[in-house]
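1. Here is the input, now give the coordinates:
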Amino acid sequence: MQSVQSIDRAFQLLGEVADNPAGISELSRRLDLPTSTVARLLSTLEGLGAVERLDSGTGYRIGPSVVTMAASIDPTQSLLAVAQPHLMELVEMVAEAVGVSIPAGYDVHYISQVDCANPVQVRDWTGVSLPMHVVPSGMVVLAHWPDDAVDRYLDRKLDRYTARSVIRPTLIRERLQQVRENGVIWIEEEFSEGINSVAAPLFNAAGAVAGALHSHGPSYRFPDDALRDIVAEQVRSSAATISIALGHTG
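-> Coordinates of the predicted model:
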């Protein structure tokens, strides 16, 4: 039982050090543990490379072994694990397919889709990559790129997927500004005829765009004019909830 308690305390200590590096006395106060116990745990963790002393020598921070383990985690799998329960909830709310995509160069790559119960459904786009300018998932990512990166994207030849695809850089820039202001964007029959889609960005703990949450359905029923703004808000709200779960605080 003692070993289990020690593991529990060690993880609590690592959590405190990760949140705010500090010395033995401060960590002891935060955890309400004897300084001797904290000192012993820190000594063990330091030997394992899980913590290391600050350059000033007055405290501890997360060490290289923990950083290495964290870096080994597949960010795609982590994103999917966090997003999955929220995808299920969003499907119930909007009654259309929902999914997650991630940036892949100048494309967005669809990594997950949860279908709705409606017998008439859109295709599963999982595994497909599409240029950012023709899908809302791409537009919400592009909207948060630095200006020079957006310039490089728009200076290229932009492919048209349907007659409704927007490929004029000036119009795309206007849309990107709308995304920044509204946090969500609709694109209707621009990447595939008969499909409308709405998306909002997903942010990670560093405040960078980790991907996008979207919902799409047949254009003849999605969106219902009376529910258009409600659906957009539900997608935006779900994306914000997932971002918080990813550690985003902005």
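
2. What lies in contact with the longest helix seen in the chain?
-> The single longest helix within the chain, with elements called by DSSP state H, is helix 75-94. Helix 75-94 has contacts (C-beta atoms under 8 Å, 6 or more residues apart in numbering) with 97-100, 102, 111-112, 114-116, 202, 204, 210-211, 213, 215, 231, 234-235, 238, 241-242, 245-246. C-beta coordinates here come from the backbone N, C-alpha and C atoms, glycine included.

3. cool, and stretch 102-109?
-> Outside stretch 102-109, the residues touching it (C-beta under 8 Å, 6+ apart) are 76, 79, 101, 111, 127-132, 135, 137-138, 141, 153, 156, 209-212.

4. Stretch 25-37 too?
-> Stretch 25-37 has contacts (C-beta under 8 Å, 6+ apart) with 9, 12, 13, 16, 17, 22, 24, 38, 42, 59, 60.

5. which among the residues you listed gets closest to residue 176?
-> residue 17 (39.7 Å; C-beta to C-beta).

6. For the helix or strand encompassing that closest one, name the packing helices and strands.
-> With elements taken from DSSP states H and E, the one containing residue 17 is helix 2-19. Contacting helix 2-19 under the criterion 3 or more C-beta pairs under 8 Å, 6 or more residues apart in numbering; DSSP states H and E are the following elements: helix 24-31, helix 35-47, strand 60-62.

7. rewinding a little: okay, and which of the contacts of helix 75-94 map to strands?
-> Taking DSSP state E as the definition of strands, the contacts of helix 75-94 contribute 97-100, 102, 111-112, 114, 202, 210-211, 213, 215.

8. Just the buried residues of these.
-> 97-100, 102, 111-112, 114, 202, 210-211, 213, 215 (16 or more other C-beta atoms under 10 Å).

9. Need the residues you listed in JSON lines (columns: distance to residue 186).
-> Listed next are those as JSON lines, based on distance: C-beta to C-beta, whole Å:
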{"residue": "97", "distance to residue 186": "15"}
{"residue": "98", "distance to residue 186": "15"}
{"residue": "99", "distance to residue 186": "16"}
{"residue": "100", "distance to residue 186": "18"}
{"residue": "102", "distance to residue 186": "21"}
{"residue": "111", "distance to residue 186": "22"}
{"residue": "112", "distance to residue 186": "21"}
{"residue": "114", "distance to residue 186": "20"}
{"residue": "202", "distance to residue 186": "18"}
{"residue": "210", "distance to residue 186": "22"}
{"residue": "211", "distance to residue 186": "18"}
{"residue": "213", "distance to residue 186": "14"}
{"residue": "215", "distance to residue 186": "10"}
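
10. Type out the ChimeraX command that picks the buried ones from the contacts of stretch 102-109.
-> Only the buried entries of those go into this ChimeraX selection, using 16+ other C-beta under 10 Å:
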select :79,101,111,128,129,130,131,132,135,137,138,141,153,209,210,211,212
